[in-house]
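K.L.:
One predicted model, sequence on top.
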Amino acid sequence: MNQMKYSNQTDDVYGIKAAGPKKKTFVLWREVVMAYIAPAIMAGIGGLVTADRGLQIAALTTIGGASALMALMIGLLLRSRVGHLRWVIGAPHLVVVGVFAMAGSTFGLYAAWVTSVFVEFMIPINYLAWVDRVWIDFPLSGFIASTIVTWRWRLAVTTNFSSKRRR
C-alpha cells in the first residue's frame, strides 16, 4: 500500500524559541545621535508652530548641540569608573537618574555662564540674541539628555547584571 507521509504539525509550534528578555546594550554613539535629533525635531516643530525663527535656529544649534554634548559627557562618565561605583549600581533607579539629571542641569548652567562670558569678552557688543537663549537651552538640554541617557544606561546595566546573576 501507498503510505502517506504526514508532517508533524506540532514541530513548528514547539520549535518557537522562548521570547525572553534580550540582553540590552548601551551604545553611546546611538544615544548621542538621538540626543541631538529628538530635541532638535521637537524644538523645530515648536518653532514652526509658533513661527519663531529664533527657536527654529536654536533647535539645530544650542538645543540639539547641547543635548548631544551632554549625552556624550554623561555616557562617557557612566562608562568610566563612575558607572562601576557601588551606589550607582545599587541605588534605586530614580535616585541615580535624579542625581545625574541634577548634575546635567548644573553643568548646563555652568556652560551657559562660560559661553555668555566668553562671547561677551570676544564680542563686546551685546547684539547676539542666541546668547540670551543659552541660559534656558543649556540647563534644560543638560537635564533632559542626562535623564534619558542615565535611564537607558541603568536599564542596560541592571538587565545585564540580573541576567549574569541568574546563571
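P.N.:
Happy to help now that I have it.

K.L.:
Please make it C-alpha for all contacts and neighbour counts, starting now.
P.N.:
Fine.

K.L.:
Regarding residue 100, what is its secondary structure?
P.N.:
helix (DSSP: H, G, I helix; E, B strand; the rest coil).

K.L.:
Need the pLDDT of it.
P.N.:
pLDDT, residue 100: 93.

K.L.:
ok, now which ones touch the nearest residue to it once chain neighbours are set aside?
P.N.:
Nearest non-adjacent residue to residue 100, counting by C-alpha to C-alpha, 6 or more residues apart in numbering: residue 146, 6.0 Å away. By C-alpha atoms under 8 Å, 6 or more residues apart in numbering, the contact set of residue 146 is 70-71, 74, 97, 100-101, 103-104.

K.L.:
Point out where this structure drops to low pLDDT.
P.N.:
Within the chain, the set of residues satisfying pLDDT under 70 comprises 1-24, 124-130, 160-167.

K.L.:
Tell me where it has strands.
P.N.:
Assigned strands in the chain: none (criterion: DSSP state E).

K.L.:
longest single helix anywhere in it?
P.N.:
Assignment by DSSP state H gives helix 129-166 as the longest helix of the chain.

K.L.:
Distance from the chain centre to that helix, please.
P.N.:
Centre-to-centre, helix 129-166 and its host chain are 4 Å apart (C-alpha atoms, centre = their mean, to the nearest Å).
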